[in-house]
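Peer 1: Model the following, please.
(2 chains)
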There are 2 protein chains.
Amino acid sequence: MAIIVQKFGGTSVANAEKIQRAAGRAIRAAESGNQVVVVASARGKQTDQLIADALELNPNPPKREMDQLISTGEQQSVSLMAMAIHAMGHDAISFTGGQIRMMTDSVHTKAHIVSIDAERIHRQLERGRIVIVAGFQGIDEDENITTLGRGGSDTTAVALAAALKAKECEIYTDVDGIYTTDPRIFEGAVKLDKISYDEMLELASLGAGVMHIRAVGFGKKYDVDIHVRNSGNETKGTLITHEVPQMEGVVVSGATVQKDMAKISLVGVDNVPGNAANVFSHLAAAKVVVNDIIQTEVSDQKANLSFMVAISDLESAKSAVSEIEDDLNCESVFVRDDIAMVSAVGVGMRTHYGVAETMFSALAKAKINIDSITTSEIRISCAVDKDQAEEALRAVCVAFELDKPAAERTQT
Amino acid sequence: MAIIVQKFGGTSVANAEKIQRAAGRAIRAAESGNQVVVVASARGKQTDQLIADALELNPNPPKREMDQLISTGEQQSVSLMAMAIHAMGHDAISFTGGQIRMMTDSVHTKAHIVSIDAERIHRQLERGRIVIVAGFQGIDEDENITTLGRGGSDTTAVALAAALKAKECEIYTDVDGIYTTDPRIFEGAVKLDKISYDEMLELASLGAGVMHIRAVGFGKKYDVDIHVRNSGNETKGTLITHEVPQMEGVVVSGATVQKDMAKISLVGVDNVPGNAANVFSHLAAAKVVVNDIIQTEVSDQKANLSFMVAISDLESAKSAVSEIEDDLNCESVFVRDDIAMVSAVGVGMRTHYGVAETMFSALAKAKINIDSITTSEIRISCAVDKDQAEEALRAVCVAFELDKPAAERTQT
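Peer 2: Below you'll find the model as predicted:
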């Protein structure tokens, strides 16, 4: 019998009616001959409420206690879901992360999964029960409750699908799937039927919401088919899966824009071994997430080093840099806080020529100046002026025909 | 270093301000040189809200899932309490029932404690931390979460005090302690400084609120001093403790009234072995709690059998009785649903004469008819007409001078 994992996010279990709808979906999957494991997040705004309760008592609460507190949100959802399934005539049992030995490291509020006791779940499935597991949480070796941080429930679902060797991991959300780009900016955006793990990883790390990068990474590592679907309808969603040859026929699968970026340029840094490492270890110590590092030699002795950070990290980044400016013998530091990044992603880039040219021409035609360019094997990103961010995204989308299903595009 | 257990009920942790007040009390106890363990209940109306959420989805939710759900209330309280203590500059750590291996049987919603891992708590106390434990909950052998039922958090606190060999178990509530009787009925009621376990057990089983019978029973079994106090002030409360000789100098420690009782009388039952057992096994199967059984022989062949039940159990009791009426060859069944029980309790009864007479005279003087009488070694109970219940209680209180501290009473 095949195992299916279904994950319902907070908005999909926000109230009794939605819990019943999710319960009905789990029952239908069971009655179609599958063994069903459900992963649920905390109901709607419960987690926010608990965080507010905590901050009222302690502006800087100990992380262990924060995990102890907020993990109750998912525990409530899963027991309520089990009750709803019982009321609809099917057997079900709920588990906390601890009860299925979802073992993690001890990094509270952003723990990593180490192992799962699949046996306890298998035993329950074999008794014909739907098993409901609390997402987002685990325990460490000392039975302290941990949480997995952003995207945690998706990660739980994909990790469970891997541990149980499930046929598919369905991620239910409030959109129909993954789109070629953000439909709020480019109206013509179309839903993708399939996307490879690598493309989804790039898109997720470029700020495309829906799926979190950790869950996709888990899916890739264990080859779990992830089906992103709408909990409110029966539409087929987007399958995130391993790469198959025909995917390379699609040059660009999606495009994203990251607004609110800043670029820090260190001009005329001494070009000696260890200087770059010095910069980024200081930034890491300040917990700044750095994107798109560019280093260029300007002479035998000097190099320019620039990188992008989110605006929210800019102050921390600037003070980390100022601490080491003298060590680097840096001539000047230049900051642009009005930058946006427009990116195109597709595994087809590996085998198609002229992709970069199409993108640069599209931006040029729209009279958008490119501040800097970075690329990976399956991605091209251009830093542009913030005021032109949305216009730039639309130009890129039109150039790569992201308003058409892949099959109908003119290959570039 | 002495260990003190402090238990705070739902009203004592209902909001941030009250949690801070409780936290302050725990810190003061720690700074006076004690090792402090706090047991907390769910905040205010949280449990009621969770039960309402459950019933919206399932009018008859599986008990295992109910425990999984409502145990989150205490888990939230303890983590919030730990955060509050941290914010006030003292170290603290919170534990769920499962985390300290509060092992119970598997009777969901009314489990019994089997054992506790005191070691984990000792280790934390030795590190100078205040340990906060979720009341009301445990786990069974399969790590299913269980709850202890009514009075569960008190039971947790007393059981912990026993396991840790604590000096004292403080039960914080919203009244100053145990009173000679209900002050809402008899204005002159005075607070008791001390009361024996046996007296408290009788009073609790007669419906005197404040402490639950299970917690007191645990206290008696393990000789734990239980100090019932007001969380809102510094008044010394009532100490529930083992019996000391001078307690027998007090004839009556307290008096209670139970309204909403009913009496079922089986008239002319065949007086053969096994008949009484037959009646009460049927009542037990119908989950009816029976009080004050009276059997009297009326002839060689026949006996009358009567007993009291709460009005809320009356219908179940009547149908249980009707199933066996014929077996008993019962002449008639007589039901009074307008009964109240007035009781006086005191270990001094064992050594004092005339206690019953004082009680009956007091009722007679107040023109209150006594329907039936039952006694234990330290209790006298009279069934009276419901409309005269409060008047009867006041007459008994006056007769035994329950408006005066024990030392100032004229011995009866």
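
Peer 1: Can you tell me the element A:Gly24 falls in?
Peer 2: helix A:16-31 (DSSP states H and E).

Peer 1: repeat for A:Leu363
Peer 2: Per DSSP H and E: helix A:355-365 holds A:Leu363.

Peer 1: just to revisit the earlier point, give me the next element, helix or strand, following the helix holding A:Gly24.
Peer 2: strand A:35-40.

Peer 1: mind listing what's buried in the next helix or strand after the helix holding A:Leu363?
Peer 2: Later in the chain than helix A:355-365, the nearest helix or strand by DSSP H and E is strand A:370-376. Of the residues in strand A:370-376, A:Asp371, A:Ser372, A:Thr374, A:Thr375 count as buried by neighbour count, 16 or more other C-beta atoms under 10 Å in any protein chain shown. Where you see a C-beta, it was placed from the backbone N, CA and C, and this is true even at glycine.

Peer 1: can I get the residues you listed in CSV with distance to A:Ala134 and pLDDT?
Peer 2: Shown next, in CSV, are these (distance: C-beta to C-beta, whole Å; pLDDT from 0 to 100):
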residue, distance to A:Ala134, pLDDT
A:Asp371, 45, 90
A:Ser372, 44, 88
A:Thr374, 39, 88
A:Thr375, 41, 87
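
Peer 1: number of nearby residues for A:Glu187?
Peer 2: 9 (other C-beta atoms under 10 Å in any protein chain shown).

Peer 1: From chain B, how far off is it?
Peer 2: To chain B, A:Glu187 is 39 Å away according to C-beta to the nearest C-beta, to the nearest Å.

Peer 1: Would you verify that that residue is located in a strand?
Peer 2: No: in this structure, A:Glu187 is coil, not part of a strand, as judged by DSSP: H, G, I helix; E, B strand; the rest coil.

Peer 1: Would you report the backbone torsion angles of it?
Peer 2: The phi/psi pair for A:Glu187 (degrees, to the nearest 10) reads phi -60, psi -30.

Peer 1: Repeat that for the one 10 residues further on.
Peer 2: Dihedral angles phi and psi of A:Tyr197 (degrees, to the nearest 10) take the values phi -50, psi -40.

Peer 1: I'd guessed it sits against A:Lys220; true?
Peer 2: Yes: A:Tyr197 lies in contact with A:Lys220 (C-beta atoms under 8 Å); the separation is 3.6 Å.

Peer 1: what touches both of the two?
Peer 2: Contact criterion C-beta atoms under 8 Å, 6 or more residues apart in numbering or on different chains; residues shared by A:Tyr197 and A:Lys220: A:His242.

Peer 1: The residue of the stretch 201-350 of chain A found nearest chain B - how many residues pack around it?
Peer 2: Distances between the stretch 201-350 of chain A and chain B by C-beta to the nearest C-beta are smallest at A:Ser231, namely 16.9 Å. Using other C-beta under 10 Å, A:Ser231 is surrounded by 21 other residues.

Peer 1: how far is stretch A:114-128 from where the chain is centred?
Peer 2: Distance of stretch A:114-128 from its chain centroid, counting by C-alpha atoms, centre = their mean, to the nearest Å, is 27 Å.

Peer 1: Helices of the stretch 1-150 of chain A, residue ranges please.
Peer 2: Ranges of helices within the stretch 1-150 of chain A are A:16-31, A:46-57, A:63-87, A:118-126, based on DSSP state H, counting those that start in this stretch.

Peer 1: Of those helices, flag the one that's most buried.
Peer 2: Mean neighbour count, computed with mean count of other C-beta atoms under 10 Å in any protein chain shown, is highest for helix A:63-87 among the helices of the stretch 1-150 of chain A, reaching a mean of 27.

Peer 1: before we move on, the earlier item: what average pLDDT does the helix holding A:Gly24 get?
Peer 2: Helix A:16-31 shows a mean pLDDT of 97.

Peer 1: Could you do stretch A:103-117 as well?
Peer 2: Averaged over stretch A:103-117, pLDDT sits at 94.

Peer 1: same check, this time on stretch A:44-62
Peer 2: 95.

Peer 1: Please see if that stretch touches chain B.
Peer 2: Yes: interface with chain B: stretch A:44-62 contributes A:Leu50, A:Asp53, A:Ala54, A:Glu56, A:Leu57, A:Asn58, A:Pro59, A:Pro61, A:Pro62 (C-beta under 8 Å from any C-beta of the partner chain).

Peer 1: Of those residues, which is the nearest to A:Ala157?
Peer 2: Checking the residues of stretch A:44-62 next to chain B against A:Ala157 by C-beta to C-beta gives A:Leu50 as the nearest, at 21.6 Å.

Peer 1: isn't the closest one right next to B:Ser77, touching?
Peer 2: No: applying C-beta under 8 Å, one finds A:Leu50 not in contact with B:Ser77, separated by 11.7 Å.

Peer 1: Note down every partner strand of the lowest-mean-pLDDT helix or strand in chain A and its orientation.
Peer 2: Lowest by mean pLDDT, DSSP states H and E among the helices and strands of chain A is strand A:290-297, with a mean of 84. Strand A:290-297 has its sheet partners listed here by DSSP bridges as strand A:302-310 (antiparallel).

Peer 1: Beyond the strand it pairs with, next helix or strand please.
Peer 2: Taking DSSP H and E, what comes next after strand A:302-310 is helix A:314-328.

Peer 1: Run through the strands of the stretch 151-300 of chain A in chain order.
Peer 2: Using DSSP state E, counting those that start in this stretch, the strands of the stretch 151-300 of chain A run over residues A:168-173, A:194-196, A:226-230, A:238-241, A:254-270, A:290-297.

Peer 1: I'd like those strands as a markdown table, with mean neighbour count appended.
Peer 2: As requested, the strands of the stretch 151-300 of chain A are exported to a markdown table (neighbours: other C-beta atoms under 10 Å in any protein chain shown):
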| stretch | mean neighbour count |
| --- | --- |
| strand A:168-173 | 24 |
| strand A:194-196 | 24 |
| strand A:226-230 | 22 |
| strand A:238-241 | 22 |
| strand A:254-270 | 21 |
| strand A:290-297 | 14 |
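
Peer 1: Comparing the ones you listed by mean pLDDT, which bottoms out?
Peer 2: strand A:290-297 (a mean of 84).

Peer 1: ok, residues contacting it?
Peer 2: By C-beta under 8 Å, 6+ apart, the surrounding residues in contact with strand A:290-297 are A:261, A:271, A:276, A:280, A:283, A:303-309, A:317, A:341, A:372, A:374, A:381, A:383.

Peer 1: Could you do stretch A:223-240 as well?
Peer 2: A:8-9, A:11-12, A:18, A:21-22, A:25, A:158, A:161-162, A:166-178, A:191-197, A:200, A:210-211, A:215-216, A:218-219, A:241-242.

Peer 1: For the residue nearest in space to the middle of chain A, which non-adjacent residue is closest in space?
Peer 2: Centrality entry for chain A: nearest residue to the mean C-alpha point is A:His212, 1.9 Å, by C-alpha atoms, centre = their mean. Distances taken as C-beta to C-beta, 6 or more residues apart in numbering or on different chains put A:Gly151 closest to A:His212, at 2.2 Å, once the chain neighbours are dropped.

Peer 1: How many residues are close by the one you found?
Peer 2: 19.

Peer 1: Kindly report the same for A:Lys367.
Peer 2: When neighbours are defined as other C-beta under 10 Å, A:Lys367 has 9 of them.

Peer 1: ditto for A:Val333
Peer 2: Neighbour tally, A:Val333, other C-beta under 10 Å: 15.

Peer 1: What residues are bridge-paired with it?
Peer 2: A:Leu266.

Peer 1: List the contacts of it.
Peer 2: By C-beta under 8 Å, 6+ apart, the neighbours of A:Val333 are A:Ile264, A:Ser265, A:Leu266, A:Val267, A:Lys318, A:Val321, A:Ser322, A:Glu325.

Peer 1: I am finished for the moment; much appreciated.
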